[in-house]
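K.L.:
Kindly return the folded structure for what I paste below:
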Amino acid sequence: MKRFAGATLAFSASLATAVYAQTVPPYAPITIPLSIDQVPGKPVWYSTGNPGVPGRDNEGNTSNAGFLVASDGVVVFDTLGTPSLGWALLQQVRNVTDKKIRYVIASHYHADHIYGLQVFRDHTDAVIVAQERAGEYKDNEETADEKASQRLDQRRGALYPWVDRYTRVVPPDITFRDRMTITLGDRRLTLLYAGPAHSSSDLMMLVEPDGVLFAGDIVQNSRIPHMNSDDVSTTHWLAALGEVEKLDPKFIIPGHGRASTEAKTGDRLHARLYSVSAQRHGEGGAGLDRFRRSL
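P.N.:
Predicted coordinates:
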């Protein structure tokens, strides 16, 4: 009888430990809740980051991410700037659906969008997809954009404990060059290479038939975009913004800032980029005036 009681007690303790492990996040908890919004009438949800530089005041939540729930599973677009935020995003997916997460799409390899990837690598069977130049983002190799290991060290200081010594850069499972189509039940996803623009590996994802565009950092609202990099190409960036208008999406989820129902939501960014491009090509104010008159 005592042996049975002891076994029962041990089982109860093991069960309690298992339940505790499932409810307590395996990453440093965030104190600012991650909120999500649904695209009206569509099976698409997204989070909107805070403006500013990643730091303790915003706990690294400065970029946008989102997910689509199709009939055959879930696709996540970007995973935010810390594993803690990536875990919060995963919990938001699970609050909406228990369907399998099939794919995670990385809009580009910059720290504020990819540190949450390890959550989906470690806790789901999702396939991580990126544009092929994402492979240039290495822990120990310097790229024209940023040195990955150096950026990770910086964030371990600026965003501790949400980024710590266990945080790592997770590479994609599959890559594509110019265009990739994923059919997932009743939804078709078109991945479009839009770089090099903001980075070497920029991509956008169009969700059809919903007309929802995840634009990545090609579109940034209420934010001055980072342009101090050899990888920034204003010419390609302007072309990508032109592609956004041609696609004429019904709803745009940018890489930073508020979502929009207007394809011309990038006009201010467009003008700013044209200004820089015009100066680089010697057109100066006259070129910018011509562009403004065309809007």
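K.L.:
low-scoring stretches of the stretch 1-150 of the chain, by residue?
P.N.:
For the stretch 1-150 of the chain, the stretches flagged by pLDDT under 70 are 1-24, 139-146.
K.L.:
can you map out the helices along it?
P.N.:
Ranges of helices in the stretch 1-150 of the chain, per DSSP state H, counting those that start in this stretch, are 2-23, 83-96, 111-114, 117-123, 148-158.
K.L.:
Show me what the shortest one is packed up against.
P.N.:
Read it as helix 111-114. Helices and strands touching helix 111-114, by 3 or more Cβ pairs under 8 Å, 6 or more residues apart in numbering; DSSP states H and E, are helix 148-158. Where C-beta positions appear, they are placed from N, C-alpha and C, glycine not excepted.
K.L.:
just the second one next, same as before
P.N.:
Using 3+ Cβ pairs under 8 Å, 6+ apart as the contact definition, the elements that helix 83-96 packs against are strand 44-47, strand 65-70, strand 73-77, helix 117-123.
K.L.:
Export it to CSV, keeping only CA atoms.
P.N.:
C-alpha atoms of helix 83-96 as CSV (Å, rounded to 0.1, in the frame of the first residue of the first chain):
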residue,chain,number,x,y,z
PRO,A,83,13.2,34.2,-29.1
SER,A,84,10.8,35.5,-26.4
LEU,A,85,8.8,37.4,-29.0
GLY,A,86,8.9,34.4,-31.3
TRP,A,87,7.5,32.2,-28.5
ALA,A,88,4.7,34.8,-27.9
LEU,A,89,3.9,34.7,-31.7
LEU,A,90,3.7,30.9,-31.6
GLN,A,91,1.3,31.1,-28.7
GLN,A,92,-0.8,33.6,-30.6
VAL,A,93,-1.0,31.1,-33.5
ARG,A,94,-2.0,28.4,-31.1
ASN,A,95,-4.7,30.7,-29.6
VAL,A,96,-6.2,30.9,-33.1
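K.L.:
That one to strand 73-77, inter-axis angle?
P.N.:
150 degrees (axes from the mean of the first three to the mean of the last three Cα atoms, to 10 degrees).
K.L.:
contacting residues around helix 83-96?
P.N.:
The contact list for helix 83-96 (Cβ atoms under 8 Å, 6 or more residues apart in numbering) reads 25-30, 33-34, 36, 45, 47, 59-61, 65, 67, 69, 74, 76, 79-80, 101, 115-120, 123-124, 162-163, 166-167.
K.L.:
could you give the mean pLDDT of whatever helix or strand residue 218 lives in?
P.N.:
Element membership for residue 218, per DSSP states H and E: strand 212-220. Strand 212-220 shows a mean pLDDT of 94.
K.L.:
who does that strand touch, helix- and strand-wise?
P.N.:
strand 203-208, helix 234-247, strand 251-256.
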